[in-house]
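> From the sequence below, what's the structure:
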Amino acid sequence: MNTLKKFELMEKIVRELEDLQNSQQALIQKIGKIEVDNIELGDSRLEKDLPDIHQNLADNLDTISGILDYFAGKTQNFGDKNNVEALKEQEAINNATN
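A predicted model of the protein is given here:
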């Protein structure tokens, strides 16, 4: 895999991790709303299980955020080290002349 293709794949993974992080945040918000609604309802099964689900989602979000921070930094460093902007410019020139 050439350098530019590798960088583009790394950028794609960063975007997918960002999407995963956003989805996880949305799940936490939804479970929170269910917990609030159940305060009025008072279902014992929900009272028992929802806090565990909420905590697991929060733990997953922390893990995803850590991976995203790591991989976004790695992607940026790879791009800087390999002068990806110049590679993109060269590819654009090559495509325009062909």
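
> In this structure residue 87 contacts residue 3, no?
Yes: using Cβ atoms under 8 Å, residue 87 makes contact with residue 3 at a distance of 6.2 Å. For the C-beta atoms, the positions are set from N, CA and C on the backbone; glycine is no exception.

> Any buried residues in the lowest-mean-pLDDT helix or strand in the chain, and which?
One helix or strand of the chain scores below all others by mean pLDDT, DSSP states H and E: helix 84-97, with a mean of 85. Applying a neighbour-count criterion of 16 or more other Cβ atoms under 10 Å, one finds 84, 87 buried in helix 84-97.

> Hmm, residue 11 is touching residue 74, no?
No: under the criterion of Cβ under 8 Å, residue 11 makes no contact with residue 74, lying 11.2 Å away.

> Same drill for those two, tell me which one is more crowded.
residue 11 (16 against 13; other Cβ atoms under 10 Å).

> Cool, thanks, talk later.
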